[in-house]
Each structure stands twice: as C-alpha cells, then as structure tokens.
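Engineer: Sequence first, predicted coordinates after that:
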Amino acid sequence: MTEAARTEGWGSMVNAKKAHYFQDGSSLCRQWMMFGSGPRWESNQKKGPTADAGTCAACWKKAPEEAP
C-alpha cells in the first residue's frame, strides 16, 4: 500500500506529542481527525507489548495487533 493511499494505521499529526492509531478518518481515541494529507505514517505499524512514551495509550488499547 502506498503512503498516499493509506487510511489506517499508526501516524503522527503535526501538533500531537504522541503517535495515534487512525481508522475511518479519525484516531481511535477520538482526539484527532485526518484532513488534507492526513498524518505522517509511522514506519513501524506493529503494536508493541505495552504503550510507550511515544504512543497514545487510549489508541494502543483499541488498536489491532498489526495495521493493514
């Protein structure tokens, strides 16, 4: 899948301090929405064993084990 066509997965918004999981145009924590070009997609799309300092804990709890 090309980065321009991606609509789901871990990404970072310009003003966000942490990476969020995006699905159907918004983050799973419902604090961020995709507009225009959307988030900068993270290179690692696998869900770690725990939420870390760079990952939104609410998104981590709801995210699938691996992004499509």
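Structural biologist: Structure received.
Engineer: Any chance you could list what contacts stretch 48-60?
Structural biologist: Residues outside stretch 48-60 that contact it (Cβ atoms under 8 Å, 6 or more residues apart in numbering) are Trp10, Lys18, Ala19, His20, Tyr21, Ser27, Leu28, Cys29, Gln31, Lys47, Lys61. (Each C-beta comes from the backbone N, C-alpha and C, glycine too.)
Engineer: Contact partners for the third one?
Structural biologist: Meaning Ala19. With contacts defined as Cβ under 8 Å, 6+ apart, the neighbours of Ala19 are Trp10, Gly11, Ser12, Glu42, Gly54, Thr55, Cys56, Cys59.
Engineer: ok, now the second one?
Structural biologist: Neighbour list for Lys18: Ser12, Ala53, Gly54, Thr55, Cys56 [criterion: Cβ under 8 Å, 6+ apart].
Engineer: doesn't Arg40 make contact with the first one?
Structural biologist: The reference is to Ser12. Yes. With contact defined as Cβ atoms under 8 Å, Ser12 counts as touching Arg40 (5.0 Å).
Engineer: Of the two, give the one with the bigger neighbour count.
Structural biologist: The neighbour comparison of Ser12 against Arg40 (other Cβ atoms under 10 Å) goes to Ser12, with 16 against 13.
Engineer: Poorly predicted segments of this structure, please.
Structural biologist: 1-4, 67-68 (pLDDT under 70).
Engineer: all helices for it, in order.
Structural biologist: Assigned helices in the chain, in chain order: 57-62 (criterion: DSSP state H).
Engineer: Now tabulate the contacts of Ala19 in TSV and tack on distance to Phe35.
Structural biologist: Formatted as TSV, the contacts of Ala19 follow (distance: Cβ to Cβ, whole Å):
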residue	distance to Phe35
Trp10	18
Gly11	13
Ser12	14
Glu42	19
Gly54	22
Thr55	22
Cys56	18
Cys59	18
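Engineer: Of those, select the buried ones using a PyMOL command.
Structural biologist: Per 16 or more other Cβ atoms under 10 Å, the buried members of the contacts of Ala19 correspond to this PyMOL selection:
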select buried, resi 10+11+12+42+55+56+59
